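Visitor: Compute the structure for the input listed below.
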Amino acid sequence: MRLWHKALITKLPNQMLVAQWRELAAIVGAIDKKGSPNHRLVNIILDYDKAHLYTYTNLVYQELINRNLHPQVKVYHKITNYCFSSEVLFADLFKGWHNERYYQQCYYNLEEKYDRGIINEQDWQKIKSK
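Guide: Numbers count the residues shown, from 1 in each chain. Below is the predicted model of the structure:
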């Protein structure tokens with residue numbers, strides 16, 4: 001599990017963006033059932049107000065819509081009903097977590113996926129253009 005850095009959402013290849021959507025649903029489902037995502041890469045989400053998850057969900061949802069990828073509205077409602085809140089400013093979204101260091105960690109993770117042939121050249125060029 002991973003929540004990609006907020007600045008990378010618009011650059012993720014389609015399959016990874018869809019996977020991020022599924023991750024959000026899985027995270028909310030795990031929190032709902034067990035009180036925690038129970039995964040070291042995303043447990044930090046519990047340190048933030050639900051407004052951050054709400055805003056991040058809307059960010060991913062809007063990007064899916066922009067790409068005409070048809071996210072399931074029922075999944076959107078499941079997530080946003082859990083964390084219904086007002087939005088936080090993009091600049092404040094996961095402040096302290098989605099910082100430059102985390103951006104680099106995510107970037108290098110994506111670079112490794114490119115090196116191993118999981119991400120194609122065209123998608124990698126889109127990611128590289130910051």
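Visitor: drop to CA atoms for contacts and neighbour counts, all remaining ones
Guide: Fine.
Visitor: Flag the shaky bits of this protein, pLDDT-wise.
Guide: Within the chain, the stretches falling below the threshold (pLDDT under 70) are 130.
Visitor: contact partners of the longest helix along the chain?
Guide: Longest helix of the chain, by residue count under DSSP state H: helix 14-34. Residues outside helix 14-34 that contact it (Cα atoms under 8 Å, 6 or more residues apart in numbering): 1-4, 9, 36-38, 57, 60-61, 64, 71, 75, 78-79, 82.
Visitor: how about it: buried residues?
Guide: For helix 14-34, burial by neighbour count (16 or more other Cα atoms under 10 Å) applies to Leu17, Val18, Gln20, Trp21, Leu24, Ala25, Ile27, Val28, Gly29, Ile31.
Visitor: Just send these back as a markdown table, with distance to Asp49 too.
Guide: What follows is those, written out as a markdown table (distance: Cα to Cα, whole Å):
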| residue | distance to Asp49 |
| --- | --- |
| Leu17 | 23 |
| Val18 | 24 |
| Gln20 | 20 |
| Trp21 | 20 |
| Leu24 | 15 |
| Ala25 | 17 |
| Ile27 | 15 |
| Val28 | 14 |
| Gly29 | 17 |
| Ile31 | 14 |
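Visitor: Let me know the closest of those residues to Asp115.
Guide: Asp115 lies nearest to Leu17 out of those, by Cα to Cα, at 19.0 Å.
Visitor: if I look at the closest one, how far off is Ser85?
Guide: 23 Å (Cα to Cα, to the nearest Å).
Visitor: Check Leu110 too.
Guide: 31 Å.
Visitor: For those two, indicate the residue with more neighbours.
Guide: Each of Leu110 and Ser85 has its neighbours counted (other Cα atoms under 10 Å); Leu110 has more, 20 against 15.
Visitor: can you give me phi and psi for Leu12?
Guide: As for Leu12, its main-chain torsions (degrees, to the nearest 10) stand at phi -60, psi 140.
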